[in-house]
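> Quick one, what's the 3D model for this:
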Amino acid sequence: MSKPIPTQPGAGTASPPMPPAARWALASLSLSMLLSALGTSIANVGLPTLAQAFSASFQEVQWIVLAYLLAITTLIVGAGRLGDMLGRRRLLLAGISLFTAASLLCAAAPTLGLLVAARALQGLGAAVMMALTMAFIGETVPKARTGSAMGLLGTMSAVGTALGPSLGGVLIAGLGWRALFFVNLPLGLLALFLAWHHLPPDRAAGAEKTGKAGFDTLGTLLLALALAAYALAVTLGRGSFGPLNIALLLAAALGAGLFVFTQSRVASPLLRLAMFRDRVLSASLVMNVLVATVMMATLVVGPFYLSRALGLGTAMVGLVLSVGPVISALSGVLAGRLVDRLGAPVMVALGLAAMVAGSAALSVLPGLFGLAGYIAAIAVLTPGYQLFQAANNTAVMVDVPPDRRGVVSGLLNLSRNLGLITGASVMGAVFAFASAASDITAASPEAVAGGMRISFAVAAVLAAAALALAFGSRALAARPSVPACPAPPRL
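All right, here's what the predicted structure looks like:
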């Protein structure tokens with residue numbers, strides 16, 4: 001039997017002001033989110049410079065980005081669970097410290113191999129930061145302001161993503177590639193100072209704190225291996241799909257099967273399988289994957305369309321691509337306030353409806369109005385994404401028990417990362433197939449424009465599927481259970 005949907009605190013009424021202590025705590029969480037997002041995007045712009053500095057191929061320096069993303073994807077659920085068990089404050093402080101120290105190691109790395117290893121450590125710190133920032137909202141922010149807090153975290157994530165390429169370009173031009181990582185040191189120390197002074201102390205964790213239940217090391221390892229195999233399967237090959245990719249997918253399926261098998265047999269599982277019977281949680285995770293897949297299409301397809309079909313130069317392409325993150329940054333806080341005022345379920349539906357409209361517009365408007373049509377469609381799609389994120393995260397996290405907030409936050413972040421990874425492969429393949437070009441970099445403008453239309457038509461279908469799932473899951477969760485019919489009396 002599914003639980004009834006809780007009424008969103010503050011829905012339909014003005015939210016109370018946030019206490020000063022909560023504001024400072026939220027500032028520390030926001031800076032942690034900014035740092036983890038900045039770590040994802042700032043290194044990309046430096047790959048050509050790094051390839052030259054280490055005399056390496058582009059495929060080799062790609063591991064600088066891949067190591068960071070793999071560490072986050074494979075470890076974020078385990079990091080959230082560990083925070084639930086050991087205390088979120090102490091683990092978040094450790095995560096910020098690790099991220100900052102690993103940034104110093106990245107900046108000082110003498111070889112490419114050591115740089116990749118340091119980036120993996122940095123990704124571990126980022127996994128802790130991403131998993132626990134959302135989990136901390138329930139302890140630091142009044143319940144009626146949960147949506148605003150989630151919107152602010154979304155804004156900081158968008159700011160970090162948008163700031164990375166431009167800041168990285170300035171740092172490389174002025175100070176060299178090592179400055180890409182040195183810049184994290186003052187920001188990391190500031191985040192550590194704020195978290196140390198303003199985050200609430202850890203609460204006792206009950207039975208798990210006393211040692212009656214331990215950390216599920218085997219389950220964590222199996223999940224990490226399955227996720228790593230899947231991520232590599234859809235990432236390696238740059239669009240081709242060969243025997244290695246198939247082997248990795250089979251390894252991922254085997255690892256996932258073993259993980260599910262072990263979770264039903266250990267005393268303290270990493271994930272309690274019964275939690276997925278909650279239709280709202282399960283639907284929210286699936287919607288997160290679909291929405292992230294749609295958003296990745298703008299990053300995969302957009303640059304080719306702008307450069308090949310519209311003939312824009314590199315600088316102009318970068319400027320146009322920054323429009324989406326900038327709109328996200330500007331709309332995130334407003335989206336959170338709307339969630340607090342009108343309720344999360346309504347805002348999930350409205351956000352997804354805007355994403356359907358934005359994806360359909362990207363399929364049609366650029367062909368009619370060129371660059372103006374592209375920007376207009378992005379201006380519809382991106383606020384819809386921010387509204388969905390703030391509402392979906394609020395709907396899931398607002399009533400999660402304190403001892404499960406870390407792992408549920410980790411699942412939300414994991415589903416988003418899996419959508420981004422999958423979207424890069426799937427939407428790239430759809431774009432290449434729709435363009436009917438063996439080499440997309442040499443495709444004609446007409447072929448690229450055709451690929452653009454079909455790719456975002458597919459994206460609109462995915463967003464519509466997420467919208468249908470939103471309505472279906474809320475209706476099922478709200479439906480009262482039917483009592484069992486009593487047995488007829490014996491005559």
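> okay, CA-based contacts and neighbour counts for the rest of this
Noted.
> Count the residues that sit near residue 92.
Neighbour count of residue 92, defined by other Cα atoms under 10 Å: 30.
> Could you grab the helix/strand/coil label for it?
Three-state call for residue 92 (DSSP: H, G, I helix; E, B strand; the rest coil): helix.
> contacting residues for it?
Shown in contact with residue 92 (Cα atoms under 8 Å, 6 or more residues apart in numbering): 83, 128, 129, 132.
> for the second one, what are its contacts?
Neighbour list for residue 128: 76, 79, 80, 91, 92, 95, 96 [criterion: Cα under 8 Å, 6+ apart].
> again, only using 10 Å
Neighbouring residues of residue 128 by Cα atoms under 10 Å, 6 or more residues apart in numbering: 32, 36, 72, 75-80, 82-83, 88, 91-96, 98-99, 406, 410.
> average model confidence for stretch 424-442?
Across stretch 424-442, the average pLDDT comes to 77.
> re the thing from before, with the contacts of residue 92 in mind, which one is nearest to residue 285?
Relative to residue 285, the closest of the contacts of residue 92 is residue 132; by Cα to Cα it sits at 17.4 Å.
> pretty sure the closest one is touching residue 139, no?
No - contact criterion Cα atoms under 10 Å: residue 132 and residue 139 do not qualify, at 11.1 Å.
> Please enumerate the shared neighbours of those two.
Among the neighbours of residue 132, those also in contact with residue 139 (Cα under 10 Å, 6+ apart) are residue 405.
> who's more crowded, the two?
Ranked by neighbour count (other Cα under 10 Å), residue 132 and residue 139 place residue 132 first, with 32 against 17.
> so residue 301 touches residue 431, yeah?
Yes - with contact defined as Cα under 10 Å, residue 301 counts as touching residue 431 (6.9 Å).
> So for those two, which residue has more residues nearby?
Ranked by neighbour count (other Cα under 10 Å), residue 301 and residue 431 place residue 431 first, with 28 against 22.
> give me the element the closest residue to the more buried one other than its chain neighbours is part of.
Spatial nearest neighbour of residue 431, excluding adjacent residues (Cα to Cα, 6 or more residues apart in numbering): residue 451 at 5.0 Å. According to DSSP states H and E, residue 451 maps onto helix 445-478.
> Please spell out which residues along that helix are buried.
Residues 445, 447-467, 469-470, 473-474, 476-477 are the ones in helix 445-478 that count as buried (16 or more other Cα atoms under 10 Å).
> Centroid-nearest residue for this structure?
Central residue of the chain (Cα atoms, centre = their mean): residue 416, 3.8 Å from the mean position.
> For the chain, name the helix or strand with the lowest mean pLDDT.
In the chain, no helix or strand scores lower on mean pLDDT, DSSP states H and E than helix 314-321, which sits at a mean of 76.
> Off-centre distance for that helix?
The gap between the average C-alpha position of helix 314-321 and the chain average comes to 24 Å, counting by Cα atoms, centre = their mean, to the nearest Å.
> Packing partners of it?
Packing contacts for helix 314-321, counted by 3 or more Cα pairs under 10 Å, 6 or more residues apart in numbering; DSSP states H and E, involve helix 146-175, helix 302-304, helix 371-397.
> Give me the buried stretch members for the helix or strand following that helix, please.
Going down the chain from helix 314-321, the next helix or strand is helix 323-342, by DSSP H and E. For helix 323-342, burial by neighbour count (16+ other Cα under 10 Å) applies to 323-342.
> which ones among the contacts of residue 128 are found in helices?
Judged by DSSP state H, those include 32, 36, 72, 75-80, 82-83, 88, 91-96, 98-99, 406, 410 as members of helices.
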